[in-house]
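Chemist: Return atomic coordinates for the entry below.
(4 chains)
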There are 4 protein chains.
Amino acid sequence: MSMVCLSDFEAYAKKYLPKIAWDFFAAGADDCSTRDENILAYKRIHFRPRMLRDVSVMDIRTKLLGAEISFPVGIAPTGFHQLAWPDGEKSTARAAKAMNTCYIASTYSTCSLEEISAAAPGGLRWFQLYIHRNRTVSQQLVQKAEALGFQGLVLTVDLPYTGKRRDDIRNGFRLPPHMKLKNLEGAFEVCEMSLLDPSVTWNDIYWLRSLTNLPIIIKGILTKEDAELAVRHGVQGIIVSNHGGRQLDGGPATVDALVEVVEAVEGRVEVYVDGGIRQGSDVLKALALGAKCVFIGRPALWGLAYKGEEGLQEVLRILQDEFHLSMALAGCARVSEIGRHLVQFSKL
Amino acid sequence: MSMVCLSDFEAYAKKYLPKIAWDFFAAGADDCSTRDENILAYKRIHFRPRMLRDVSVMDIRTKLLGAEISFPVGIAPTGFHQLAWPDGEKSTARAAKAMNTCYIASTYSTCSLEEISAAAPGGLRWFQLYIHRNRTVSQQLVQKAEALGFQGLVLTVDLPYTGKRRDDIRNGFRLPPHMKLKNLEGAFEVCEMSLLDPSVTWNDIYWLRSLTNLPIIIKGILTKEDAELAVRHGVQGIIVSNHGGRQLDGGPATVDALVEVVEAVEGRVEVYVDGGIRQGSDVLKALALGAKCVFIGRPALWGLAYKGEEGLQEVLRILQDEFHLSMALAGCARVSEIGRHLVQFSKL
Amino acid sequence: MSMVCLSDFEAYAKKYLPKIAWDFFAAGADDCSTRDENILAYKRIHFRPRMLRDVSVMDIRTKLLGAEISFPVGIAPTGFHQLAWPDGEKSTARAAKAMNTCYIASTYSTCSLEEISAAAPGGLRWFQLYIHRNRTVSQQLVQKAEALGFQGLVLTVDLPYTGKRRDDIRNGFRLPPHMKLKNLEGAFEVCEMSLLDPSVTWNDIYWLRSLTNLPIIIKGILTKEDAELAVRHGVQGIIVSNHGGRQLDGGPATVDALVEVVEAVEGRVEVYVDGGIRQGSDVLKALALGAKCVFIGRPALWGLAYKGEEGLQEVLRILQDEFHLSMALAGCARVSEIGRHLVQFSKL
Amino acid sequence: MSMVCLSDFEAYAKKYLPKIAWDFFAAGADDCSTRDENILAYKRIHFRPRMLRDVSVMDIRTKLLGAEISFPVGIAPTGFHQLAWPDGEKSTARAAKAMNTCYIASTYSTCSLEEISAAAPGGLRWFQLYIHRNRTVSQQLVQKAEALGFQGLVLTVDLPYTGKRRDDIRNGFRLPPHMKLKNLEGAFEVCEMSLLDPSVTWNDIYWLRSLTNLPIIIKGILTKEDAELAVRHGVQGIIVSNHGGRQLDGGPATVDALVEVVEAVEGRVEVYVDGGIRQGSDVLKALALGAKCVFIGRPALWGLAYKGEEGLQEVLRILQDEFHLSMALAGCARVSEIGRHLVQFSKL
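Modeler: Residues are numbered from 1 along each chain as shown, chains lettered A, B, ... in the order given. Take a look at the predicted model:
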């Protein structure tokens, strides 16, 4: 099987993963409108490519809060990587490090933060957390992540309750007994999302701030109002995200929400986006609309499902090559040349 | 068969109901454009969800003309429930009461108002009526409903003649001989819609007013002009409805018409909407656009077809849970926090 | 087979007509975009129906240049009716008379004007003509039509050359040898369209005017500029038409062009429309946008193909009933109450 | 097999060409959005056809930089014609000359410029070139083309690197060993695109200008900004092109980009367009939007694949006839009568 583009990895994963695992990764909330809109929205954005620019020397590197990455695609936090590949998040960490990009490890990892760190020492990693009813759990996780060299905290704010994913209900999805949520062992039962705290508000950002010196990135913002609040509460970054369409069905496509968030933020903090990235030109579109970097969720899992660390590297390399080529064909030799002028929204 | 969402009940009903009954419930006028638009229109409305609101204590109750219901979904008037389940409207009444919501009983019920009342004493019920050529019939029905404790009169105004439903014509649809329109026994022949009075005008609202102290809700309004007339003629509520797309094909989707009706009414009377509600987030969208409550028609019949009272309760419980979850995920802890700011119309 | 709506007749004709005849009637130019747009455009128009109007006494009659017809649907000029039914245009004339509406007989009829007149004496008929290179032929036809009691001349202006209809070319379409273009016998060879004069201009309207006292209706106008020219050149009526999408592919849907023509004409002459009418509500939409009457082409042929005169009457009766019902459901008791306020264009 | 329209040739080529050759010609970049948009965009443009113009004497000739061609359709530069027909570009040159139109010979021809010239002496031809890292190669090609009587130089500017065409990668596409890039023999390896110079900028236009007296036409412009730069750098013509959707996926349809380029250029140089032309009415639309001429790529290859020179002539004759007919049906007797007033963009 020849792996030419991300859809090839998707097809592989759909064919070879157990149905229950495929369904879990593919799931969107309700009738999956938002999940699918994330992809469709990119099709409605057209380039205005410029010609006869010197693109002989390309530089596609960028920086995430000051840390250089080889190209503006990181790995979004997703749970349960052992469902895709036996080594789970250890493979993910190795692939990210090999490709010199950022990996946001999920609280719901099937490897512990220690294992993840040990698997790829020195890799750029952020830690994604939820705020639990039992704040001590969250506090311990934050402090462990900081101690282990994670360089950012990604607070997910769109999951006061878990979205309704029909296939997971039909399948009675649960983590298989031989897999563990290593970061929560002893603290909770497996998959016991109801231990997340739905009473969290903006004030809890101050509490989080008090626990750590790490930069705080807030994930799940979709409106200019919340973007403004995020800036005012002192976060360092915003990930425009709808949780891959797995939470509130009927929300906007993330690339559409990106526009209003970027406008509201006016450069005061870095803005990133996830959801719907399927080819390198999507990355270019997101950057043209003001994202500093994009993060991929499902495609990373497809890469793991294909060949673990190596498969994920292949996925990242394809995206890197495609992004590189799209930039050149659009007339940009450096990431700093990408701007709003490069795209227009289709009237259709 | 696992009943996870409303489509599961639809699939069940389509599979197990006699074709003639399924066709009757599913029917839309002409080529069913309006029936289908009712559903599609919800897909074009996107949320602008807000994060980090305290949604730990949710309150999804609302009030219909002062009467509390457990969540803003009632049961729209539809006829011939015995086609779906032997106990017919008695089951419907019981399910509505069990779920603490409002049931609008149709004139074309296959149980009498007395039977409906006796089946679920104390339940919140409104009575839907047409104005017949023989006004005495309508008058007697109104007075009976009032005497039996119905708390509102829903006057359907979009059926001066019956819409053209092709499949019903092809099937030669008639109520089976062992079912009766109990409220009209002795007064008319079964299904004899032509006894409805197509000469009814706004002045007849005054006549209706003179018969009863019950609040009058007018069902079938689709324009701001008629909404204004309704308010001026002293009704207490408006149901924005196109009769499930069964009357005039080519009319607007109800959720689109809702916007102009709400704007015209400016809060002077309560506005409700029916048509196209298929998941809890649709309810949230309708409320964001100004509806006080939505009513479901076909989904209630699918619930009855599945397991009678119990099946309808399941349908209502699913909608309730989905609405509850959507509210929380959109950042609203109370119905009063839902507002126009929560949604936008897709440019596509 | 139960004939409930026009699609039933279409399905019948497609099944039972010889392929070559079906293809000829169904043909559109090139890839048939305009033919199909004629139908789709109606779907993008939504009603704003009004309620509680007295619609007990309906009057759906209208007048064409002063002559009353039973409802605002006439029969557009189409050729070769014997391909659909042995009696050809004689059946068409009888059905139109029986339904008390107007039939526009085509120059390319397979019955002579004399036969058509004799088949249904006293029926309201207009005669459709082209201007031939040999003007004497056209002059004789005009004068014969006038002498036979035709009450209007419909000059088709969108056929300086015949459109490219791929299936007709593939089929090598020709009229079967036993059928004749009776009105042109002796004058031309069968189907010899190239004898039409592509040099015709607006000045030829004056020449036509000089030949006859009949009102002149111009068929094939699609722009406000040409509508203005038509009025200035003294025609009595305009048929907004794109020849059923059989001439220039890529032209506008007729109901879309209707809007600009009606605006330009400002009531100075009557405006009609053909193309894409498939149900009674389409008629209502066209009238709401300013058409005085619509004309049906292919549906009339389907009716003929089904049962000749009787089949065409069935088609007309269905449209009449549907139009009647749509009017009532939209709140109009008389044709004069139909207006622009009744419709809106979908934003989608 | 009856060849009635261009799709017939497409179907033939798809059926009879080796898959690897068909895939190469059909290929678009990435998921082919832009390739397909080129065609769809024409469907969104509607004519505003005018009637009763004298179209008895039609003149569809036009001029390309002063040289008369029989109708405004030329042959775009595409490579590897021997993949379609043994005689390759020699057949193309003969067909173009026979039809009295312009053929833009590609650098990546499988016949040499000398062979092409000898095959059809006196034909109107332009030469398409890339600028190679080794400028001497480009210089020699330019001077050879000029010496051989080519009358224009078409500089392709949208290929600093080759677009990602998935099927070509899957197929391992390479030119078969018995075919040669005759113009580059000795200079490069077959298909070695990486020898193109991605550092080319607008200043290289001055270098090119210094090599030759031929008019320079720049191919691949999609924005008003680049159109302005092209004019300022002294080119004689612009081909609005996205390389048939084979380079940057997500770019605009060429006919949409044409509008902004024409507006920017304000008649200072000639503007042409390629991509998506599939019937004569598309040509008319492009001209109405300001193109002086269109060029066809894939349809020319389908013609070659069908019957070589003769097949390509058939393709051109069909387009010519369809363009002729469309012009007449839209009311234009001469190319100079075609203008912006003739078209409108669909609101949908």
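Chemist: how many neighbours does the nearest residue in space to A:Met99 that is not next to it in sequence have?
Modeler: Nearest residue to A:Met99, sequence neighbours excluded (CB to CB, 6 or more residues apart in numbering or on different chains): A:Leu316, at 4.5 Å. All C-beta spots, glycine's among them, are computed from the backbone N, C-alpha and C. By other CB atoms under 10 Å in any protein chain shown, the residues close to A:Leu316 number 25.
Chemist: now A:Gly290
Modeler: 21.
Chemist: Next up, the contacts around the closest residue to A:Arg334 other than its chain neighbours.
Modeler: The shortest distance from A:Arg334 to any non-neighbouring residue, by CB to CB, 6+ apart, is to A:Asp59 (4.8 Å). Going by CB atoms under 8 Å, 6 or more residues apart in numbering or on different chains, A:Asp59 touches A:333-335.
Chemist: and the closest residue to chain B within the stretch 1-150 of chain A, what does it touch?
Modeler: Residue of the stretch 1-150 of chain A nearest chain B, by CB to the nearest CB: A:Asp30 (5.2 Å). A:Asp30 makes contact with A:163-164, A:166, A:249-250, B:5, B:279-281, B:322, according to CB under 8 Å, 6+ apart.
Chemist: Can you list phi and psi of it for me?
Modeler: phi 50, psi -120 (degrees, to the nearest 10).
Chemist: returning to that earlier point: gap between the residue nearest to A:Arg334 and C:Met327?
Modeler: 68 Å (CB to CB, to the nearest Å).
Chemist: From the contacts of A:Asp30, pick the one nearest chain D.
Modeler: Of the contacts of A:Asp30, the one sitting nearest to chain D (CB to the nearest CB) turns out to be A:Gly250, at 23.7 Å.
Chemist: Could you pull up the residues touching the closest one?
Modeler: A:30, A:33-34, B:42, B:45-47, B:281, B:284-285, B:326.
Chemist: Now tabulate these in TSV and tack on pLDDT.
Modeler: Shown next, in TSV, are the contacts of A:Gly250 (pLDDT from 0 to 100):
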residue	pLDDT
A:Asp30	98
A:Ser33	97
A:Thr34	98
B:Tyr42	98
B:Ile45	97
B:His46	98
B:Phe47	98
B:Ser281	98
B:Leu284	98
B:Lys285	98
B:Ser326	98
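Chemist: before we move on, the earlier item: between the contacts of A:Asp59, which is closest to chain C?
Modeler: So of the contacts of A:Asp59, ranked by how close each gets to chain C (CB to the nearest CB), first place is A:Val335, at 37.1 Å.
Chemist: was I right about the closest one contacting A:Met58?
Modeler: No - in this structure A:Val335 lies outside contact range of A:Met58 using CB atoms under 8 Å: 9.7 Å.
Chemist: who touches both of the two?
Modeler: A:Met327.
Chemist: so what pLDDT did the residue nearest to A:Arg334 get?
Modeler: A:Asp59 is assigned a predicted lDDT (pLDDT) of 98.
Chemist: same thing with the one 5 residues further on?
Modeler: The predicted local confidence for A:Leu64 comes out at a pLDDT of 98.
Chemist: so who does it touch?
Modeler: A:Leu64 touches A:74, A:102, A:124, A:152, A:237, A:270, A:292-293, counting by CB under 8 Å, 6+ apart.
Chemist: how near is it to A:His324?
Modeler: Counting by CB to CB - A:Leu64 and A:His324 are separated by 18 Å.
Chemist: picking that back up, residues in contact with the residue nearest to A:Met99?
Modeler: A:73, A:95-96, A:99, A:101, A:303.
Chemist: Counting only strands, which of these make the cut?
Modeler: Within the contacts of A:Leu316, residues falling in strands by DSSP state E are A:Val73.
Chemist: Please spell out the segments of chain A that come in under the pLDDT threshold.
Modeler: A:1, A:186-194, A:348 (pLDDT under 70).
Chemist: where exactly do the helices run in chain A?
Modeler: Per DSSP state H, chain A carries helices over the ranges A:6-16, A:19-26, A:33-43, A:89-98, A:113-119, A:135-147, A:166-171, A:203-211, A:224-232, A:254-265, A:280-288, A:298-330.
Chemist: Nearest to C:Pro198, out of the ones you listed?
Modeler: Closest approach to C:Pro198 among the helices of chain A (CB to CB): helix A:33-43, 43.8 Å.
Chemist: now for that closest one, which elements pack on it?
Modeler: With contacts taken as 3 or more CB pairs under 8 Å, 6 or more residues apart in numbering or on different chains; DSSP states H and E, helix A:33-43 sits against helix A:254-265.
Chemist: what's next to stretch A:202-214, contact-wise?
Modeler: A:131, A:135, A:139, A:142-143, A:145-146, A:150-153, A:155, A:216, A:218, A:229, A:233-235, B:52.
Chemist: try it again with 7 Å
Modeler: A:131, A:139, A:142-143, A:146, A:151-153, A:155, A:216, A:229, A:233-235, B:52 (CB atoms under 7 Å, 6 or more residues apart in numbering or on different chains).
Chemist: same thing with stretch A:138-147?
Modeler: A:107, A:113, A:127, A:129, A:131-132, A:153, A:183, A:211-212, A:214.
Chemist: Mind putting those into JSON lines with distance to C:Pro176 and neighbour count?
Modeler: As requested, these are exported to JSON lines (distance: CB to CB, whole Å; neighbours: other CB atoms under 10 Å in any protein chain shown):
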{"residue": "A:Thr107", "distance to C:Pro176": "79", "neighbour count": "22"}
{"residue": "A:Leu113", "distance to C:Pro176": "84", "neighbour count": "22"}
{"residue": "A:Phe127", "distance to C:Pro176": "81", "neighbour count": "28"}
{"residue": "A:Leu129", "distance to C:Pro176": "81", "neighbour count": "24"}
{"residue": "A:Ile131", "distance to C:Pro176": "82", "neighbour count": "24"}
{"residue": "A:His132", "distance to C:Pro176": "83", "neighbour count": "20"}
{"residue": "A:Leu153", "distance to C:Pro176": "83", "neighbour count": "25"}
{"residue": "A:Asn183", "distance to C:Pro176": "82", "neighbour count": "27"}
{"residue": "A:Leu211", "distance to C:Pro176": "90", "neighbour count": "17"}
{"residue": "A:Thr212", "distance to C:Pro176": "89", "neighbour count": "16"}
{"residue": "A:Leu214", "distance to C:Pro176": "86", "neighbour count": "21"}
